[in-house]
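J.: Here is a sequence with its predicted model. Questions after.
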Amino acid sequence: MNIVTKEIALPDGRVIKLETGKLAKQADGAVMATLGNTMILATVCSAKDAVPGTDFMPLTVEYKEKFASAGRFPGGFTRREGKASDYEILIARARLIDRALRPLFPSNYHAETFVNVTMYSADGIDMPESIAGLAAGAALACSDIPFEGPVSEVRVARVDGKMVINPTFEQCEHADLELMVAATYDNIMMVEGEMKEVPESVMLEAIKAAHEAIKPQCLAIDEMMKAYGKETKREYCHEVNDEELKQAVHDYSYARAYAQATSADTDKHHREEMFSQIREDFKAEKAEYMAQRAEALGIDIDEVAALVDRYYHDVEKEAMRRAVLDEGKRLDGRKTTEIRPIWCEVGYLPGPHGSSIFTRGETQSLSTVTLGTSRDDKIIDEALIQGTDKFLLHYNFPPFSTGEAKAQRGVGRREIGHGNLACRALKNMIPEDFPYTVRVVSDILESNGSSSMATVCAGTLALMDAGVPMKKPVSGIAMGLISENQGKNYAILSDILGDEDHLGDMDFKTTGTKDGLTACQMDIKVDGLSYEILENALAQAHEARMYILGKILECMPEPRADLKPHAPRIVSFYIPKDMIGAVIGPGGKIIQGIQAETGAVISIDEDEKGGKVEVASNNGESMQAAIAKIKAIVALPEVGEEYDSVVKSLMPYGCFVEFMPGKEGLLHISEIDWKRYETMEETGIKEGDHIRIKLLEIDPKTGKFRLSAKALKEKPEGYVEPEKRERPRREDRDGAKLDRGPRPERRGPRPERH
């Protein structure tokens, strides 16, 4: 075996080990990356030929965490790993690996390519995502698949004011900034993360620190590739090209495409129709010419039509970019820093606990907020992460939002990724002591550019409409970039359209409050993005965010002072830990009974402070009734206090009464009234009767209660205490039993005991 290993030292002394040639040797490339006891295997396989008619990069990335890696069983009935969780999808596609790798494949490479990244060992100390991207980039480098790498990724966190590369789980808990950064030796490719209101300068510092840590990793991957003998990549031919046809398409359509690009057409669908008409006019007018090219190239006319589509796409891209760079004109006529018209509305839907509409140009989000109890928490059960989430954000992108006539088939990876970005933007603005579980749902009703940022804005409004006391409102903006000559000539675009995202060089989203950033996501599609451009983009994005934040505050200056009338009210309080069982009761009998009787929803959790009780109800009376019952259970009887008791059972010498939940005592016949009773029948007391009593004494040894009802009644005038009767001796009371007579004679032998 040709086993090659490389070691990469991290700034804090930890070492990442890369190994290839030992495992999964039938894959085109395979690398095991190890950090501490965390081991991740990345494999890549690519088809030798492209599927006919494919004009894009069909890349599929999958990330999987084996529960066995942490010595755990998977949940569910089958006890085996199933479909990818949201967390695994975010690492594989929407968040880390896919967005770092995809731009680095040659533009004319169209073979189906699969990257599988699997965590086989973990100790819960080091975060696996930190080396997942590194492993994938190394596996591609150690294969013969054409790839313009090497590329690697690191996580950077600011902990106690210092930048930490690939922090541990514990370190991340104390960080105020956490970013995932992917880069080649020369260029940043992808950034995503969350922050706790840090300034743009700190984010830029973190990106620089991450890039400096990535550079030695790229060098190590390059050395490993050479040592493994994979410098030479496979030859391929996935495109048929015709320079003559390409020039003909350009000559015919560029002037018309440029005119359309500078026409300030604000209607997305009309603009698309006008651009498409140019292409279709070429096909109609040049049908004979296209037939000649098909014959010359030895292909059919449909393949020539596909070439025309591809070449015209390049023309449209060039026209749009030149309009921006040469004349400063965008597709819809806006200036580079101009934001599309915004209108907002809150309380649009009467049913949810909060709702809003946020519309920016042709992008619209209808968002709702639902408030629930801890029973509504999302349960997290990953290989390394277990717990609950109290803040949920779900993003839906139906096809009708872009005018597409197709069915909506469940939640896609794109929706999970966009929802995660918006969730990270908002979650830290929910007060830690807010007792509710919060679910925000953003339904995108129109889309033409940055629906995830519209979700952040609509989510802020819906939360304030619901009466959630947000620390500060949050706004978001998507920025674009058009550049040429390695960034020497460039234009930064605020509030990009869908076409500007597709045809541009950067998609850069930032969210934040008036005091700092809360989340970001950046995809770079061009080499040579300088830190100067990045700094200018951040500054322009800040101005755009503040403008949008102003529009949000015009619509709703602050959260509502109270929840909506139909929203649940939650009261939380603590009880002693040793009283939790008493409130729950055997098999949950007590707590279920309180819920059934009052209609309130009760949950109890244990933490370091004791038993945390949450009582939720839409009705104030039912809530107070439930609270009273719980407090009565955990209350301690006090000598001298009066109680309303219920007769539970009758005895010849008195009755047993329950004067507090779970607290019973004997009310002796002599303590019922000042009148003397010989039998309980004379008292007229029956089971279920209510008697007001006073607690006279608690026996310190036995804990028994001495109760009295007559102590609460006025002593009759002239009352004389009865003489205490002398207690008869046992032999007098039970003489018959003592005089048993002679024992009968035993008959037969004593039986043996076994």
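T.: That came in fine, so what should we check first?

J.: Assign residue 681 to helix, strand or coil.
T.: Counting by DSSP: H, G, I helix; E, B strand; the rest coil, the backbone at residue 681 sits in helix.

J.: okay, it: pLDDT?
T.: The confidence metric pLDDT takes the value 91 at residue 681.

J.: what do you get for residue 735?
T.: Looking at residue 735, its pLDDT is 48.

J.: pLDDT weak spots in the stretch 151-300 of the chain?
T.: Applying pLDDT under 70 to the stretch 151-300 of the chain flags no residue at all.

J.: try 90 this time
T.: The model of the stretch 151-300 of the chain has pLDDT under 90 over residues 238-241, 264-266, 297-299.

J.: All the strands of it, residue numbers only.
T.: 152-159, 162-165, 175-183, 188-198 (DSSP state E, counting those that start in this stretch).

J.: can I get the ones you listed in CSV with distance to residue 636 and mean neighbour count?
T.: Where you see a C-beta, it was placed from the backbone N, CA and C, and this is true even at glycine. Formatted as CSV, those follow (distance: least, C-beta to C-beta, whole Å; neighbours: other C-beta atoms under 10 Å):
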stretch, distance to residue 636, mean neighbour count
strand 152-159, 46, 25
strand 162-165, 50, 18
strand 175-183, 45, 24
strand 188-198, 43, 22
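
J.: Compare the ones you listed and give me the one nearest residue 44.
T.: Nearest of the strands of the stretch 151-300 of the chain to residue 44, taken as C-beta to C-beta: strand 152-159 at 15.0 Å.

J.: That closest one - contacts with which helices or strands?
T.: Packed against strand 152-159, as judged by 3 or more C-beta pairs under 8 Å, 6 or more residues apart in numbering; DSSP states H and E, are the following elements: helix 129-141, strand 162-165, helix 169-173, strand 175-183, helix 200-228.

J.: That one pairs with which strands, and in what direction?
T.: Paired strands of strand 152-159, with direction, are strand 162-165 (antiparallel), strand 175-183 (antiparallel) (DSSP bridges).

J.: ok, now how distant is the closest residue to residue 266 other than its chain neighbours from residue 9?
T.: The shortest distance from residue 266 to any non-neighbouring residue, by C-beta to C-beta, 6 or more residues apart in numbering, is to residue 332 (4.6 Å). Distance, residue 332 to residue 9, by C-beta to C-beta, to the nearest Å: 51 Å.

J.: Compare those two and say which is more crowded by neighbours.
T.: Each of residue 332 and residue 9 has its neighbours counted (other C-beta atoms under 10 Å); residue 332 has more, 21 against 11.

J.: May I have the secondary structure class of that one?
T.: Following three-state DSSP, residue 332 is assigned to coil.

J.: ok, it touching residue 264?
T.: Yes - the criterion here is C-beta atoms under 8 Å, and residue 332 meets it with residue 264 at 6.3 Å.

J.: Output the strands paired with strand 152-159 in JSON lines, with distance to residue 153 appended to each entry.
T.: JSON lines is the format used below for the strands paired with strand 152-159 (distance: least, C-beta to C-beta, whole Å):
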{"stretch": "strand 162-165", "distance to residue 153": "11"}
{"stretch": "strand 175-183", "distance to residue 153": "4"}
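
J.: Now do the strand or helix carrying residue 6: which elements does it pack against?
T.: Following DSSP states H and E, one finds residue 6 within strand 4-9. Using 3+ C-beta pairs under 8 Å, 6+ apart, the elements in contact with strand 4-9 are strand 15-20, helix 200-228.

J.: Pull up the pairing partners for the shortest one, direction included.
T.: Sheet pairing of strand 15-20 (DSSP bridges) gives strand 4-9 (antiparallel), strand 29-35 (antiparallel).

J.: Residue 208 is nearest to which of those?
T.: That would be strand 4-9 among these, by C-beta to C-beta, at 19.0 Å.

J.: rewinding a little: just the helices and strands packed on strand 152-159: most buried one?
T.: helix 129-141 (a mean of 29; mean count of other C-beta atoms under 10 Å).

J.: can I have that helix written out in PDB, keeping just the CAs?
T.: Taking Å, rounded to 0.1, in the frame of the first residue of the first chain, the C-alpha atoms of helix 129-141 are listed here in PDB:
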ATOM      1  CA  GLU A 129     -17.200  20.500  11.100                       C
ATOM      2  CA  SER A 130     -13.800  22.100  11.600                       C
ATOM      3  CA  ILE A 131     -12.000  19.200   9.700                       C
ATOM      4  CA  ALA A 132     -14.900  18.000   7.500                       C
ATOM      5  CA  GLY A 133     -14.200  20.600   4.800                       C
ATOM      6  CA  LEU A 134     -10.400  20.000   5.100                       C
ATOM      7  CA  ALA A 135     -10.900  16.200   4.600                       C
ATOM      8  CA  ALA A 136     -13.100  16.800   1.500                       C
ATOM      9  CA  GLY A 137     -10.700  19.200  -0.100                       C
ATOM     10  CA  ALA A 138      -7.800  16.800   0.600                       C
ATOM     11  CA  ALA A 139      -9.700  13.800  -0.900                       C
ATOM     12  CA  LEU A 140     -10.300  15.800  -4.100                       C
ATOM     13  CA  ALA A 141      -6.700  16.800  -4.300                       C
END
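
J.: Skip the chain neighbours and tell me the closest residue to residue 579.
T.: With C-beta to C-beta, 6+ apart, the residue lying closest to residue 579 is residue 634, at 4.3 Å.

J.: For residue 170, see how far away the nearest residue in space to residue 164 that is not next to it in sequence is.
T.: Spatial nearest neighbour of residue 164, excluding adjacent residues (C-beta to C-beta, 6+ apart): residue 157 at 5.1 Å. Going from residue 157 to residue 170 by C-beta to C-beta gives 11 Å.

J.: Please report the distance of the closest residue to residue 256 other than its chain neighbours from residue 31.
T.: Distances taken as C-beta to C-beta, 6+ apart place residue 278 nearest to residue 256, at 4.9 Å, with adjacent residues excluded. Going from residue 278 to residue 31 by C-beta to C-beta gives 47 Å.

J.: Please name the residues that touch the residue nearest to residue 428 when sequence neighbours are not counted.
T.: Residue nearest to residue 428 in three dimensions, not counting chain neighbours: residue 196, with 5.7 Å by C-beta to C-beta, 6+ apart. By C-beta atoms under 8 Å, 6 or more residues apart in numbering, the contact set of residue 196 is 176, 177, 428, 516, 518.

J.: part of a helix, is residue 622?
T.: Yes - counting by three-state DSSP, residue 622 is found in a helix.

J.: Would you confirm that it contacts residue 599?
T.: Yes - at 4.4 Å, residue 622 and residue 599 qualify as touching, with contact defined as C-beta under 8 Å.

J.: and these two? which has more neighbours close in?
T.: Shown here are residue 622 and residue 599; by other C-beta under 10 Å, residue 622 has more neighbours (19 against 15).

J.: residues contacting the more buried one?
T.: Neighbour list for residue 622: 598, 599, 600 [criterion: C-beta under 8 Å, 6+ apart].

J.: Mark which of the residues you listed are part of strands, please.
T.: Assigned to strands by DSSP state E, none of the contacts of residue 622 qualify.

J.: Name the nearest of those relative to residue 365.
T.: residue 600 (34.2 Å).

J.: pretty sure the closest one is touching residue 626, no?
T.: Yes - using C-beta under 8 Å, residue 600 makes contact with residue 626 at a distance of 3.9 Å.

J.: Which stretches in the stretch 1-150 of the chain count as helices?
T.: 86-89, 97-101, 129-141 (DSSP state H, counting those that start in this stretch).
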